[in-house]
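Novice: Need a 3D model of the following:
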Amino acid sequence: MNNLQAVQLDMLKTFWEICDRLELHPYLISGSALGAVKYRGFVPWDDDVDVALIRPEYERFLQEAPALLPDALFLQNARTDPAFAQLYSKLRKNATSFVEERAAHLPIHHGVFIDLFPLDSMPSGRLAAWKALTRVRLCRIRLLCAFGAGDKRKERLLRRFGRMLGWHRHTERCIRRTEAAITQTPFSCTGRWCCYGNWRVRSDCSPAAQYGEGAPAVFEGLQVRIPAQYETYLSQRYGDWRADLPPEQRHGRRAQIDLRSDHWWRKP
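Specialist: Sure thing, here's the model as predicted:
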């Protein structure tokens with residue numbers, strides 16, 4: 001475990017303690033769930049932590065957790081940091097910096113973070129589900145315009161077109177409308193759940209039973225929960241997740257990281 005991961009682990013412990021205090025039931029998901037199963041901790045080259053709460057508990061956390069958070073942490077989303085162009089939240093550590101290359105120009109808090117995703121119910125009908133996914137994809141295209149140019153030609157063209165239309169100036173409104181649309185479906189503990197905040201939306205839609213009550217796991221000595229059917233969950237997301245990645249793919253995101261930064265964020 002490197003120094004960055006040690007800071008993120010400390011943040012994860014604080015998050016889990018607050019969830020226990022509020023009687024919420026988080027899941028460790030995505031690469032963090034993979035790390036818990038395969039390494040009992042961080043994937044060695046990973047540089048973030050992914051957690052999720054079902055939508056009703058996610059909204060409770062956003063409402064009640066800020067009063068319980070230590071001064072060193074900031075709960076970031078489009079409601080608390082309007083230039084933040086994502087459909088989920090981050091828990092950021094003050095007086096540090098983790099400046100992702102594509103978001104470096106955004107006037108947002110750039111501290112070291114862990115990701116917090118809401119899990120939403122998908123509409124039951126096929127057409128309604130398609131409409132929900134399409135709406136999220138369109139929002140994603142608009143949000144893409146707020147970020148720096150990517151490596152893919154298609155992304156660069158979409159970004160250039162969207163910025164000509166001014167989409168990058170209205171990310172908060174886009175997020176607000178999209179959240180209102182996807183939460184029109186009443187949350188249910190059955191059916192299908194979707195992590196709309198993830199960029200790979202389709203691979204993050206699965207039967208609610210895949211998450212269920214969760215399965216106990218250990219992450220760097222911390223007792224956590226991961227999706228109950230974690231083998232199916234990981235296979236859906238990563239394919240042959242038991243195989244090791246080739247060396248050229250063992251890297252984190254492109255970012256400038258400073259764990260003792262003088263950078264201090266203030267709302268614009």
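Novice: what about the stretch 101-250 of the chain, any weak spots by pLDDT?
Specialist: By pLDDT under 70, the weakly predicted segments of the stretch 101-250 of the chain are 148-152, 154-155, 158, 161-163, 165-168, 201-202, 248.
Novice: So which residues of it form strands?
Specialist: Using DSSP state E, counting those that start in this stretch, the strands of the stretch 101-250 of the chain run over 113-121, 192-194, 205-207, 215-219, 222-226.
Novice: Convert the C-alpha atoms of the longest one to PDB, please.
Specialist: To tie it back to what came earlier, the one meant is strand 113-121. What follows is strand 113-121, C-alpha atoms only, in PDB (Å, rounded to 0.1, in the frame of the first residue of the first chain):
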ATOM      1  CA  PHE A 113     -10.900  11.500  -3.000                       C
ATOM      2  CA  ILE A 114     -13.000   8.400  -2.800                       C
ATOM      3  CA  ASP A 115     -16.000   8.000  -5.100                       C
ATOM      4  CA  LEU A 116     -19.500   7.600  -3.800                       C
ATOM      5  CA  PHE A 117     -22.100   6.300  -6.300                       C
ATOM      6  CA  PRO A 118     -25.900   6.100  -5.900                       C
ATOM      7  CA  LEU A 119     -27.600   2.800  -7.000                       C
ATOM      8  CA  ASP A 120     -31.000   3.400  -8.700                       C
ATOM      9  CA  SER A 121     -33.900   1.200  -9.700                       C
END
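Novice: State the paired neighbours of that strand in the sheet, together with their directions.
Specialist: Strand 113-121 has these partner strands in its sheet, going by DSSP bridges: strand 50-54 (parallel), strand 89-93 (antiparallel), strand 192-194 (antiparallel).
Novice: right, and the helix or strand after the second one?
Specialist: This points to strand 89-93. strand 97-100 (DSSP states H and E).
Novice: if I look at residue 186, how far off is residue 108?
Specialist: The gap separating residue 186 from residue 108 is 32 Å, by C-beta to C-beta, to the nearest Å. (Each C-beta comes from the backbone N, C-alpha and C, glycine too.)
Novice: Could I get the phi/psi values of the residue lying closest to residue 71 once chain neighbours are set aside?
Specialist: Of all residues not flanking residue 71 in the chain, residue 94 sits nearest, at 7.4 Å (C-beta to C-beta, 6 or more residues apart in numbering). The phi/psi pair for residue 94 (degrees, to the nearest 10) reads phi -70, psi 160.
Novice: close enough to count as contact, residue 94 and residue 111?
Specialist: Yes. With contact defined as C-beta atoms under 8 Å, residue 94 counts as touching residue 111 (5.8 Å).
Novice: So for these two, which residue has more residues nearby?
Specialist: Each of residue 94 and residue 111 has its neighbours counted (other C-beta atoms under 10 Å); residue 111 has more, 27 against 16.
Novice: Find the nearest non-adjacent residue to the more buried one, please.
Specialist: Residue 111's closest residue in space is residue 92 (C-beta to C-beta, 6+ apart), at 3.8 Å.
Novice: For the one you found, give the beta-bridge partners.
Specialist: Beta-bridge pairing for residue 92 (DSSP bridges): residue 74, residue 113.
Novice: got the residue ranges for the helices in the stretch 101-250 of the chain?
Specialist: 126-144, 153-164, 171-182, 208-211, 230-238 (DSSP state H, counting those that start in this stretch).
Novice: want to throw those into CSV with distance to residue 49 and mean neighbour count?
Specialist: As requested, the helices of the stretch 101-250 of the chain are arranged in CSV below (distance: least, C-beta to C-beta, whole Å; neighbours: other C-beta atoms under 10 Å):
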stretch, distance to residue 49, mean neighbour count
helix 126-144, 22, 16
helix 153-164, 26, 13
helix 171-182, 22, 17
helix 208-211, 18, 19
helix 230-238, 16, 18
